[in-house]
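Q: With the sequence up front, the predicted model follows.
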Amino acid sequence: MSSFDPVAIRREFPTLDQQVNGKPLVYLDNAATSQKPRSVLDALNGYYLHDNANVHRGIHELSRRATEAYEEARAKVARWINAADPHELVWTRGTTDAINLVAGSWGMDNIKAGDEILLTVLEHHSNLVPWQLLARRVGAKLRYVEIDDQGRLELGDLPSLLTERTKLVAFNHVSNALGTINPVKDIVAAAKKVGAVVLVDGAQGAVHMPVDVQDLGADFYAFSGHKMCGPTGIGALWGRRELLESMEPYQGGGEMIEFVERDMSTWAEVPHKFEAGTPNIAGAIGFGAAVDFLATLPAEEVAAHERALMSYAMERLAEVPGMRIYGPESVEDRSAVVSFTMGDAHPHDISTILDSEGIAVRAGHHCAQLVMKRFGVSATARASFYIYNTRDEIDRLADALEVVRGIFG
Ligand code: C6P
């Protein structure tokens, strides 16, 4: 008997308890951002109500408390991904910022003209554009792993794509556009054979499954707090300590220095070397509270619940005439995301009609235009599930898609 009860969990998320367009809200846009539990809202409020002060700067009581909470949150998030050491976790604004940090620092110093960066067609723009900018600046070449008709990486091509010129391999753990779960360890093993550094975009990965960065074997793992119950504007870059130590700072300013002279400065230890300026203190504390909340849930039962929701959604959506579902057919290969189109109905129209029924989904290219191009569409509608979604909500989605069908025929 499962002890995990999504209906009970929902009570912890005040935002879910509201009517939208006269109907109870069905929030199925979790891949864009998750809702926040009360404990995270309380942590944010608690910091501002009682402990608000800058970190690492004051000797006074409030600054001490703020610094302690900020560093404790780092240790919690580091533990969540099983980092060997909290110093390997750099606070960033989110996944995008974390990837740009690696491109702007490690990339600028280690990728030279003629070198190759291996990406995949499955990437979010956050894991494409920073590498395009870098490649243009240094004269490097971008290469791509293609995807098959089910949106799975064509990994059979890896041996010919990986050469001694490949300096970096960057790919996502889970695709936000299709939900494809990528075999990170296999890709890392192949990349390591040619000595490439590996960055994993974990924006959708750290969210649904326990992540063990030591076991995955990559060099960098980037993720965002807001997709896993935390606040917006906070995320993290995990990096191997020796790599982080070898890297130049990404930005200069307060906090990231040891000594400043007229013509030169020396840097603080990692991770503070990469955290110039007053950081998002409340955000970090809120991210720590989010991880505390998630740690109270039974991970395997949550995963089983999300898989069951996914299976049921695929089954219900497949019954709708004109439905085209993108991504892996097997629920084992996909995370809690279902991207779809319906005949000639534009995804934006689908989303607008669903909104009128109180159902929130995302429509568009999902910042993954290479994926859209691969499937010959400019946009899809996307329903994405999280811990608090229920079968009833999927029934509401399927019923509302009948309304769409009624309008578009
Ligand atoms: N995807 C979505 O609706 P930020 O915005 O920095 O927190 O995360 C960027 C990002 C990077 N990689 C992947 C795989 C992602 O899914 C995202 C964010 C959201 O799919 C917003 S575009």
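A: Okay, I see it.
Q: can you map out the helices along the stretch 301-409 of the chain?
A: 347-356, 369-374, 391-408 (DSSP state H, counting those that start in this stretch).
Q: Could you list the buried residues of the shortest one?
A: Of all the residues in helix 369-374, those buried under the rule 16 or more other Cβ atoms under 10 Å are 369-372, 374. C-beta: built from backbone N, CA, C; applies to glycine.
Q: now that helix: mean pLDDT?
A: Helix 369-374 shows a mean pLDDT of 98.
Q: And the contacts of it?
A: 121-123, 125, 128, 144, 146-147, 151, 175, 177-178, 365-366, 378-380 (Cβ atoms under 8 Å, 6 or more residues apart in numbering).
Q: Quick check: closest non-adjacent residue to the residue in the stretch 301-409 of the chain positioned nearest to the ligand.
A: Closest residue of the stretch 301-409 of the chain to the ligand, Cβ to the nearest ligand atom: residue 367 (4.1 Å). Excluding the flanking residues, the one nearest residue 367 by Cβ to Cβ, 6 or more residues apart in numbering is residue 125, at 4.4 Å.
Q: could you list every residue that touches that neighbour?
A: Per Cβ under 8 Å, 6+ apart, neighbours of residue 125: 367-369.
Q: Then residue 165?
A: 114-116, 141.
Q: if we take those, which one ends up nearest to the ligand?
A: When those are compared against the ligand (criterion: Cβ to the nearest ligand atom), the nearest one is residue 116, at 21.6 Å.
Q: Identify the bridge partners of that closest one.
A: According to DSSP bridges, the residues that bridge with residue 116 are residue 141, residue 166.
Q: Then residue 362?
A: The partner list for residue 362 in beta bridges (DSSP bridges) reads residue 382.
Q: gap between it and residue 151?
A: As judged by Cβ to Cβ, to the nearest Å, residue 362 and residue 151 stand 17 Å apart.
Q: returning to what we had before: in ChimeraX, select just the buried ones from the contacts of residue 165.
A: Buried subset of the contacts of residue 165, written as a ChimeraX selection, criterion 16+ other Cβ under 10 Å:
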select :115,116
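Q: Stretch 110-129 spans what distance, first to last residue?
A: The first and last residues of stretch 110-129 sit 18 Å apart, counting by Cα to Cα, to the nearest Å.
Q: Over it, what's the mean pLDDT, rounded is fine.
A: Stretch 110-129 comes out at a mean pLDDT of 98.
Q: Alongside the ligand, which residues does the stretch 201-350 of the chain contribute?
A: 201, 203-204, 224, 235 (Cβ under 6 Å from any ligand atom).
Q: Can I get those residues in a markdown table including pLDDT?
A: Shown next, in a markdown table, are these (pLDDT from 0 to 100):
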| residue | pLDDT |
| --- | --- |
| 201 | 98 |
| 203 | 98 |
| 204 | 98 |
| 224 | 98 |
| 235 | 98 |
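Q: The stretch 101-250 of the chain: helices as residue ranges?
A: Under DSSP H, counting those that start in this stretch, the stretch 101-250 of the chain gives helices at 108-110, 129-138, 158-161, 184-193, 213-216, 241-246.
Q: for those helices, which one sits closest to residue 20?
A: With distances scored as Cβ to Cβ, the stretch of the helices of the stretch 101-250 of the chain nearest to residue 20 is helix 129-138 (33.1 Å).
Q: Could you report the separation of the residue nearest to residue 367 from the ligand?
A: Distance of residue 125 to the ligand, computed by Cβ to the nearest ligand atom, to the nearest Å: 8 Å.
Q: go on, residue 96?
A: Residue 96 is 3 Å from the ligand, by Cβ to the nearest ligand atom.
Q: got the contact list for that residue?
A: residue 126.
Q: do the one 3 residues further on as well
A: By Cβ under 8 Å, 6+ apart, the residues touching residue 99 are 126-127, 130, 170, 199, 201, 222.
Q: Export these as TSV, with columns for neighbour count and distance to residue 16.
A: Converted to TSV, the contacts of residue 99 look like this (neighbours: other Cβ atoms under 10 Å; distance: Cβ to Cβ, whole Å):
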residue	neighbour count	distance to residue 16
126	22	27
127	25	30
130	22	34
170	28	35
199	30	34
201	30	28
222	32	28
